[in-house]
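J.: any chance you can model this:
(3 chains)
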Amino acid sequence: MERLLSKRFFERDPAVVAEELLGKVIIRNLEGSILKGMIVETEAYYGAEDPASRARRGKLPHNRLMWEDPGTVFVYVVHGNNLFNVVTMPRGIPSAVLIRAVRPLEGIDTMMRNRKVKDLRNLANGPGKLCEALGITRDLNGLKVYDPKSPLRIVDSGITGLEVARSHRIGVREDLETPLRFYVRGSEFVCRNTPSRHKSLL
DNA sequence: AGGAAGATCTACT
DNA sequence: GTAGATCTTCCTA
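T.: Residues are numbered from 1 along each chain as shown, chains lettered A, B, ... in the order given. Purely as a prediction, here's the structure:
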C-alpha cells in the first residue's frame, strides 16, 4: 500500500523530516514511464544560522523557494549537477531536506539509460546521480511532493525496520556542530558510509 | 565584466 | 587520494 505523505509531514524541523524520510519512496512520472526509488540518504539544512545553507545570506531570487510551503520541490545546481530538496518548516521559515541517495526499485532500465551505467549501486548513490537517473531538473521547481497530480511525489509504502545512522554533512565547507546527515546503515546504495573528513557518529 | 566558490562526479594513480 | 570538468550564482570593480 502506498500513501502520499501529507503537507504536514514536511511542516517540521528538517532534521526530523530528514530522518523520517529514510525508507520512504520517491515516485517519478517521466515520459510515460514510472520510476521509483527508496530514500536511503538525506541531509537537513536550515536558514541564516546555517553556514552551509543556500539560505544563509537571506532571500534571493535563486533560493526563494526555501521560504515556500512545506513539501515544495526545490532543485538547485552545484558544479553542474542538479540537487533535489524538499522544503520543510512552516511557510516563511527557510529550511529544506536534501535527498542524497535512493535505492532503485522500479523503472531501472530507464534509470540506466538516463545515467549510462549498468551497476545498480551506481545508479542513484549521490545527489547529482539521483537527479540524473530520475530526470529531476529545475523545471520541476515549485511542484508539491504531496500533490497526487505531481509528476514527482513521495509516498510511505510501509517499509519499516531500517537502522538509521547519522554523520556530519558531506561536501560542505563549514558544518554545524550537530550531525545533520542521515542514512540507512549498511545500505549498498548510500553515497559513502563514512565521510572522509568527519568521523561518523552513531 | 570578470573571477571565485560551491549541498558534485569521474577518472586516474 | 587527488585533479579536473563543469556551470550557475554571487561579489567586487
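J.: for A:Leu143, which non-adjacent residue is spatially closest?
T.: Excluding the flanking residues, the one nearest A:Leu143 by CB to CB, 6 or more residues apart in numbering is A:Val73, at 4.4 Å. Yep, even glycine has a C-beta here, placed from its N, CA and C like the rest.
J.: surely the one you found meets A:Asp139?
T.: No. Assessed by CB atoms under 8 Å, A:Val73 is found out of contact with A:Asp139, at 10.0 Å.
J.: compare the two (neighbour count), which wins?
T.: A:Val73 (26 against 12; other CB atoms under 10 Å).
J.: check which helix or strand the more buried one maps to.
T.: Using DSSP states H and E, A:Val73 sits in strand A:73-78.
J.: name the SS class of A:Gly171, please.
T.: Classification of A:Gly171 using DSSP: H, G, I helix; E, B strand; the rest coil returns coil.
J.: what does the pLDDT read for it?
T.: A:Gly171 carries a pLDDT value of 93.
J.: which pLDDT value goes with A:Leu30?
T.: 96.
J.: just for chain A, where's the confidence low?
T.: By pLDDT under 70, the low-scoring segments of chain A are A:193-202.
J.: center of it, which residue is that?
T.: A:Ile99 (1.3 Å; CA atoms, centre = their mean).
J.: spell out the secondary structure type for it.
T.: strand.
J.: chain neighbours aside, what residue packs nearest to it?
T.: Closest to A:Ile99 by CB to CB, 6+ apart is A:Phe84, at 4.9 Å.
J.: and if you look at A:Leu65?
T.: Per CB to CB, 6+ apart, closest to A:Leu65 is A:Phe74, 4.3 Å.
J.: sheet partners, orientation included, of the longest strand along chain A?
T.: The residue-count maximum for a strand in chain A (DSSP state E) belongs to strand A:33-45. Using DSSP bridges, the strands paired with strand A:33-45 are strand A:25-30 (antiparallel), strand A:96-106 (antiparallel), strand A:181-184 (antiparallel).
J.: could you dump those into CSV with distance to A:Leu162 added?
T.: What follows is the strands paired with strand A:33-45, written out as CSV (distance: least, CB to CB, whole Å):
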stretch, distance to A:Leu162
strand A:25-30, 12
strand A:96-106, 11
strand A:181-184, 5
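J.: quick one: closest of the ones you listed to DNA strand C.
T.: strand A:96-106 (15.2 Å; CB to the nearest atom of the strand).
J.: next SSE downstream of that closest one?
T.: helix A:108-115.
J.: what does chain A put close to DNA strand C?
T.: For chain A, the residues in contact with DNA strand C (CB under 7 Å from any atom of the strand) are A:Arg57, A:Leu60, A:Pro61, A:His62, A:Asn63, A:Val77, A:Val78, A:His79, A:Gly80, A:Ser196.
J.: which residues touch the closest residue in space to A:Val172 that isn't next to it in sequence?
T.: With sequence-adjacent residues excluded and distances taken as CB to CB, 6+ apart, A:Val172 is closest to A:Ala52, at 3.8 Å. By CB atoms under 8 Å, 6 or more residues apart in numbering, the contact set of A:Ala52 is A:Tyr45, A:Arg169, A:Val172, A:Arg173, A:Glu174, A:Asp175, A:Leu176.
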